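Participant: return atomic coordinates for the entry below.
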Amino acid sequence: MIITAKDKIPIEKDFKVEAGPGAGKTEFLVNHIKNVIQNSTRLSCVRKVACITYTNTAVETILKRLGKGVADKVEVSTIHSFLYKNVVKPYCSFIPNEFELDCKKINGHDEFFVNSKYVREWLDNKEFDKLDNPNTRNQILKLPALNQALKSWLLSIKCVYKSNTISFQCDNTKAVGYDNKKNIRNGLKAKNLKMLSSKLIELKKIYWRKGKLEHNDILFFSYILIEKYPFILDVLRAKYPYVFLDEYQDTNPVQAYIVSEIRKKETIVGVIGDKAQSIYSFQGADSSLFDSFKVDKNNKYTIIENHRSSNQIVKFLNNVRNDINQDPCDNMDLDEAIVFVGDRNTAYNKACEKCKENKEKTVVSLSRDNINSNAMKKEIEGNDLNKKLLEEYSNMDSSSERRNYILSFIEAIELAINEKYKEAIKRIEWIFRKEEHPKKIALCTLSKMLKEYNSYCEGTLMDFYDVICSTLNLNLSGFRKGNAKDFYEHNSYKSMAICINIVDDTSNHITIHKAKGSEYENVIIIGTKNTKSLLLNPNLDANEEHRINYVGMSRAEKRLFIQIDDLTADEEKELHKKYEGLFIERFVGNM
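Facilitator: Have a look, this model is predicted:
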């Protein structure tokens, strides 16, 4: 059934709403919650509506739109916060002793981090005596490349629900590190990874004994508790007669299982999402779960409006997908999308010129990954940027103190340049932790380094090292001939700086993942091979890289620019055939 974001639907029926970008999903959700609060007879001071969304930013947006008079009757949170508050925290004493969780030490949950001390303790397990050469326990602990490979592998850990069982798994493709002596990447062998995988739960127990929980643990223990103590579901149903989930295409099998259990009795469950915007498989999201959420056909809705983009952009986006054909609502009749064939910085500058001619705001560049968005900030060209440079640096410089100081200051400086001053000071405050006023000293030293920025930003890492030592009067260890000295002399400050991840990036150059949920007047997509592939043969159902590009393109309100490196004459004909009115501009040297 076709509806608009303003339409009301029955409040006592499970529902599913599918809506494309700019359709007003948040507006619909907020309106529906208000409708439930005004008309339901099943709410009280202790019975609330649960609204679960994907990010903390989305939580704040929904709360703001609900207003103070309504927000106290709704619990708006992320899925992990919801489960922690309502399942794990109140019932942690019920968790079986076999998991060795110390409930008294629990204080929230956070991102997973690799603690070297915990990993070393884990590897002391006698089972790991069977690890084969070249990945024996001693080799993994002592060889930097293998140690790095293990850490990278562990950082990919996910909570997986399959065939009615729950477990922790890591991505074996991530088990690689950099061997600086042989100048090659080295990794852990499949047989050894299988053995390590079989004991992942033992590593988890080391964290749990310390009361440390990460997001995957919340899903894991929620499943364990609900399976073992079904009365918890009754408590949830009694407390939340309505549960609404935004961005349901980003859910994972564990979350979907818990939701399916809740909706078996009493509680009304509604989901909102768009399969074409499912881009979080690296976090375990499964876009097929949106289809598997079944409701009566009369309670399945589609919003086909697009309140965000111009007529031309909506027409362009409709040519990319084959399920929802959106209708532009604001009747903005502007220019067609433009494809620039050439280098990205020239493309960005040309896009800015075109917007300036129309007296419009600047252009926001959206990139596939962090290193390319940072490269755009510093106008660095090329597609051979080293994403693993920070990992290589960890292996090249054996002086942990020098390495930690250098990295901390690079992170702080780049955060400050991106106006993240509070986070910047935190990055270097630890250096002066033994001083009387560490935060004040950190602020002063950061200020000094920012004033000296022009003296090292175009230089080598060695230049940066020299400026730190002279400007801050730090006594860092010097260099002998060898890998560390060579690395500092042959790698630039910029090449290191573009590897820094600015989490809440609000600049004009960010990644597509960071832009999800946002909108900008003018957008340029910094293309990859998958960008051209999407334009020529879109497949949003099966290809996540295509969906990522689609999400980026759909952020644009007025003007959309797409940069790609190359385009053959035949490919250009195909694009003109597929996208009526599409403008393609080539730069000299890219014919």
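Participant: helices and strands of the protein: which one has the lowest mean pLDDT?
Facilitator: Least confident element among the helices and strands of the chain, by mean pLDDT, DSSP states H and E: strand 184-187 (a mean of 67).
Participant: and for stretch 196-207, what's in contact with it?
Facilitator: 99-100, 115, 118-119, 121-122, 125, 127-128, 131, 150, 153-154, 157, 167-170, 188, 213-214, 217 (Cβ atoms under 8 Å, 6 or more residues apart in numbering). Any C-beta I mention is one placed from the backbone N, CA and C, and that applies to glycine too.
Participant: sort out which of those are in strands and list them.
Facilitator: 167-169 (DSSP state E).
Participant: show me which of the residues you listed are buried.
Facilitator: Buried members of the ones in strands among the contacts of stretch 196-207, counted by 16 or more other Cβ atoms under 10 Å: F168.
Participant: output the ones in strands among the contacts of stretch 196-207 as JSON lines; include the columns pLDDT and distance to K85.
Facilitator: Converted to JSON lines, those look like this (pLDDT from 0 to 100; distance: Cβ to Cβ, whole Å):
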{"residue": "S167", "pLDDT": "95", "distance to K85": "25"}
{"residue": "F168", "pLDDT": "96", "distance to K85": "23"}
{"residue": "Q169", "pLDDT": "95", "distance to K85": "26"}
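Participant: and the helices in the stretch 51-200 of the chain?
Facilitator: 56-66, 68-71, 79-83, 89-91, 116-123, 137-142, 144-155, 190-198, 200-209 (DSSP state H, counting those that start in this stretch).
Participant: quick one: mean pLDDT over the fourth one.
Facilitator: Right, the one you point to is helix 89-91. In this model, helix 89-91 has a mean pLDDT of 96.
Participant: now a ChimeraX select for only the buried ones of the contacts of stretch 196-207.
Facilitator: Buried residues among those (16+ other Cβ under 10 Å), as a ChimeraX selection:
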select :115,118,119,122,128,131,150,153,154,157,168,170,188,213,214,217
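Participant: follow-up on the earlier one: put together JSON lines for the ones in strands among the contacts of stretch 196-207, with distance to R321 on each row.
Facilitator: Formatted as JSON lines, the ones in strands among the contacts of stretch 196-207 follow (distance: Cβ to Cβ, whole Å):
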{"residue": "S167", "distance to R321": "35"}
{"residue": "F168", "distance to R321": "35"}
{"residue": "Q169", "distance to R321": "31"}
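Participant: which one of the ones in strands among the contacts of stretch 196-207 is nearest W430?
Facilitator: The closest of the ones in strands among the contacts of stretch 196-207 to W430 turns out to be F168 (Cβ to Cβ; 30.2 Å).
Participant: report the separation between the closest residue to the closest one other than its chain neighbours and S156.
Facilitator: For F168, ignoring the flanking residues on the chain, the nearest one in space by Cβ to Cβ, 6 or more residues apart in numbering is L200 at 4.6 Å. Relative to S156, L200 is positioned 11 Å away (Cβ to Cβ, to the nearest Å).
Participant: for N135, same thing?
Facilitator: Distance from N135 to S156, by Cβ to Cβ: 17 Å.
Participant: between those two, tell me which one has more neighbours.
Facilitator: Each of N135 and S156 has its neighbours counted (other Cβ atoms under 10 Å); N135 has more, 23 against 15.
Participant: what about the residue nearest to the more buried one when sequence neighbours are not counted, neighbour count?
Facilitator: Nearest non-adjacent residue to N135, counting by Cβ to Cβ, 6+ apart: N192, 4.2 Å away. Number of residues near N192 (other Cβ under 10 Å) recorded here: 24.
Participant: look up how far E391 lies from N192.
Facilitator: 20 Å.
Participant: and if you look at L540?
Facilitator: In terms of Cβ to Cβ, L540 sits 33 Å off from E391.
Participant: where does pLDDT dip in the stretch 101-250 of the chain?
Facilitator: The stretch 101-250 of the chain contains residues with pLDDT under 70 at 178-185.
Participant: at 90 instead, please
Facilitator: Residues of the stretch 101-250 of the chain that meet the criterion pLDDT under 90 lie in 110-111, 113, 116, 127, 142-145, 147-148, 162-164, 176-187.
Participant: name the nearest residue to K532, ignoring sequence neighbours.
Facilitator: I564 (5.0 Å).
Participant: what about the strands in the stretch 201-350 of the chain?
Facilitator: Taking DSSP state E, counting those that start in this stretch, the strands of the stretch 201-350 of the chain run over residues 242-245, 268-273, 300-303, 305-306, 327-328, 338-341.
Participant: mind listing what the third one pairs with, with the direction of each?
Facilitator: The pairing partners recorded for strand 300-303 under DSSP bridges are strand 2-3 (parallel), strand 15-19 (parallel).
Participant: next, format the ones you listed as TSV and append mean pLDDT and distance to G459.
Facilitator: Converted to TSV, the strands paired with strand 300-303 look like this (pLDDT from 0 to 100; distance: least, Cβ to Cβ, whole Å):
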stretch	mean pLDDT	distance to G459
strand 2-3	96	59
strand 15-19	97	50
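Participant: could these be laid out in a markdown table, adding mean neighbour count and distance to M376?
Facilitator: Formatted as a markdown table, the strands paired with strand 300-303 follow (neighbours: other Cβ atoms under 10 Å; distance: least, Cβ to Cβ, whole Å):
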| stretch | mean neighbour count | distance to M376 |
| --- | --- | --- |
| strand 2-3 | 13 | 39 |
| strand 15-19 | 23 | 31 |
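Participant: which one of the ones you listed lies nearest to E411?
Facilitator: Proximity to E411 (Cβ to Cβ) singles out strand 15-19 among these, at 38.3 Å.
Participant: contact partners of the closest one?
Facilitator: So strand 15-19 is contacted by 3, 5, 9, 25, 28, 248, 270-275, 290, 293, 295, 299-303, 324 (Cβ under 8 Å, 6+ apart).
Participant: if we go to 6 Å?
Facilitator: Contacts with strand 15-19, where a contact means Cβ atoms under 6 Å, 6 or more residues apart in numbering, come from 25, 270-272, 274, 293, 295, 299-303.
Participant: now the angle between strand 268-273 and it, please.
Facilitator: Relative orientation of strand 15-19 versus strand 268-273 (axes from the mean of the first three to the mean of the last three Cα atoms, to 10 degrees): 10 degrees.
Participant: check the offset of strand 15-19 from the chain's centre.
Facilitator: Here strand 15-19 is found 24 Å from its chain centre; the criterion is Cα atoms, centre = their mean, to the nearest Å.
Participant: returning to what we had before: now, the most widely separated pair of the contacts of strand 15-19?
Facilitator: D274 and N299 (17.6 Å).
Participant: which SS state does A412 fall under?
Facilitator: Under DSSP: H, G, I helix; E, B strand; the rest coil, the three-state class of A412 is helix.
Participant: my read: it touches E429, true?
Facilitator: No. Shown here, A412 and E429 do not form a contact pair, counting by Cβ atoms under 6 Å, at 9.1 Å.
Participant: between those two, which is the more surrounded one?
Facilitator: Neighbours per residue, other Cβ under 10 Å: of A412 and E429, the larger number sits with A412, 26 against 20.
Participant: and the pLDDT at that one?
Facilitator: Note for A412: predicted pLDDT of 95.
Participant: how many residues are close by the spatially closest residue to V114 that is not a sequence neighbour?
Facilitator: By the measure of Cβ to Cβ, 6+ apart, the closest residue to V114 outside its immediate chain neighbours is K151, 4.7 Å from it. Counted by other Cβ under 10 Å, the residues lying close to K151 total 18.
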